[in-house]
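Q: I need the structure of the sequence given here:
(one chain, ligands or ions: 1)
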Amino acid sequence: MRIDVVSIFPAYLTPLELSLVGKARTTGLVDLRVHDLRDWTTDRHRTVDDTPFGGGAGMVMKPDVWGAALDDLVTEGSHLLLPTPSGAPLTQRHAERWATDEHLVIACGRYEGIDARVAAHYATRPGVRVSEYSIGDYVLNGGEVAAMVLVEAVVRLLPGVVGNPESLVEESHGAAGLLEYPVYTKPPAWRDLDVPEVLLSGHHGRVERWRRDQALERTAARRPDLLRALDPAGLDKADRAV
Ligand SMILES: CN1CCC[C@H](Cn2ccc3ccc(-c4n[nH]c(N)c4C#N)cc32)C1
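A: Residues are numbered from 1 along each chain as shown. Model (predicted):
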């Protein structure tokens, strides 16, 4: 998979050189490139924004500069991703789907956003998909953090990136559709808190049942919307009793 990220603050994306994503880059599991949008400006001030038509506060990012950058990066088969507060909520399902794409191009806006004609134009390009997504119901100052969230959520799903692929199944929002159960490690007693006895029992069946119950209880308490979305057939009789 190739991922191109375009931003006026390319240094903002340097955390993607670290940890699992960084290792995936150095081992060639992902070809991740970060670009400075200003490299596609033509004026001496390297201008990327202008005042909004219709008035209002702030500035809007110029379509012609974005067009010059994206024309160099977006080809047939590319998936153009635009983080925006007005986008569709990013979910694990999106990450799973987009992890199978050959080429992602992530356009990081700043100011009041990117001229709307940019997304509209590339949506007309044959073989190009355009998705506007949001990482949550709060307002950031730009798209870079959302770009890093997307890159990490997608790259960790690529074959060979995470050591134990099994761990991708049980985690929150994973295949089970539940929040993850609580985890513990040594020491068995810490301050006045003990590890749940069942986890020290060595009885795998009981441990599995306890973990499933914990995941269900947590999901019911913190994210009842996820529980409602679960296919009832996916919950066995004992689960429904929770
Ligand atoms: C006051 N204005 C309001 C509109 C957005 C302006 C800042 N901005 C410019 C580009 C841009 C891209 C993403 C996000 C963003 N914010 N929250 C999220 N979940 C996002 C996501 N994905 C924010 C952004 C600030």
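Q: drop to CA atoms for contacts and neighbour counts, all remaining ones
A: Will do.
Q: And the strands in this structure, which stretches?
A: For the chain, the strands defined by DSSP state E occupy 2-7, 31-36, 49-50, 60-61, 78-89, 103-107, 129-134, 189-190, 193-194.
Q: Columns mean pLDDT and mean neighbour count on top of those, output as CSV?
A: CSV is the format used below for the strands of the chain (pLDDT from 0 to 100; neighbours: other CA atoms under 10 Å):
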stretch, mean pLDDT, mean neighbour count
strand 2-7, 98, 21
strand 31-36, 98, 17
strand 49-50, 98, 16
strand 60-61, 98, 21
strand 78-89, 98, 20
strand 103-107, 99, 25
strand 129-134, 98, 19
strand 189-190, 98, 10
strand 193-194, 98, 10
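Q: Let me have the ones you listed in JSON lines, extended by distance to the ligand.
A: Below are these laid out as JSON lines (distance: least, CA to the nearest ligand atom, whole Å):
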{"stretch": "strand 2-7", "distance to the ligand": "10"}
{"stretch": "strand 31-36", "distance to the ligand": "15"}
{"stretch": "strand 49-50", "distance to the ligand": "12"}
{"stretch": "strand 60-61", "distance to the ligand": "9"}
{"stretch": "strand 78-89", "distance to the ligand": "4"}
{"stretch": "strand 103-107", "distance to the ligand": "9"}
{"stretch": "strand 129-134", "distance to the ligand": "4"}
{"stretch": "strand 189-190", "distance to the ligand": "37"}
{"stretch": "strand 193-194", "distance to the ligand": "37"}
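Q: any chance of these in JSON lines, with distance to Asp71 too?
A: Shown next, in JSON lines, are the strands of the chain (distance: least, CA to CA, whole Å):
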{"stretch": "strand 2-7", "distance to Asp71": "12"}
{"stretch": "strand 31-36", "distance to Asp71": "13"}
{"stretch": "strand 49-50", "distance to Asp71": "18"}
{"stretch": "strand 60-61", "distance to Asp71": "16"}
{"stretch": "strand 78-89", "distance to Asp71": "11"}
{"stretch": "strand 103-107", "distance to Asp71": "11"}
{"stretch": "strand 129-134", "distance to Asp71": "14"}
{"stretch": "strand 189-190", "distance to Asp71": "57"}
{"stretch": "strand 193-194", "distance to Asp71": "58"}
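Q: Within range of the ligand, give me the residues from this protein.
A: Within reach of the ligand by CA under 6 Å from any ligand atom, the chain has these residues: 83-85, 109-113, 133-143, 146.
Q: List buried residues within those.
A: Neighbour counting with 16 or more other CA atoms under 10 Å marks 83-85, 109-113, 133-135, 142-143, 146 as buried within those.
Q: Correct me if wrong: Gly160 contacts Leu29.
A: Yes: if you go by CA atoms under 8 Å, Gly160 and Leu29 touch, sitting 7.5 Å apart.
Q: And those two? Which one has more around it.
A: Set Gly160 next to Leu29 and count neighbours by other CA atoms under 10 Å: Leu29 wins out with 18 against 13.
Q: Residue ranges in the chain under the pLDDT threshold?
A: For the chain, applying pLDDT under 70 flags the ranges 169-172, 174-175, 233-242.
Q: Which residues are in contact with the spatially most central residue of it?
A: The centroid of the chain falls nearest to Leu150 when counting by CA atoms, centre = their mean (2.6 Å). By CA atoms under 8 Å, 6 or more residues apart in numbering, the contact set of Leu150 is Ala95.
Q: From Tyr122, how far off is His79?
A: Using CA to CA, to the nearest Å, His79 is found at 10 Å from Tyr122.
Q: tally of neighbours for Arg44?
A: Arg44 is flanked by 6 other residues according to other CA under 10 Å.
Q: Now for Glu197, how many residues are close by?
A: 10.
Q: so what's Gly22 closest to, chain neighbours aside?
A: Leu16 (5.8 Å; CA to CA, 6 or more residues apart in numbering).
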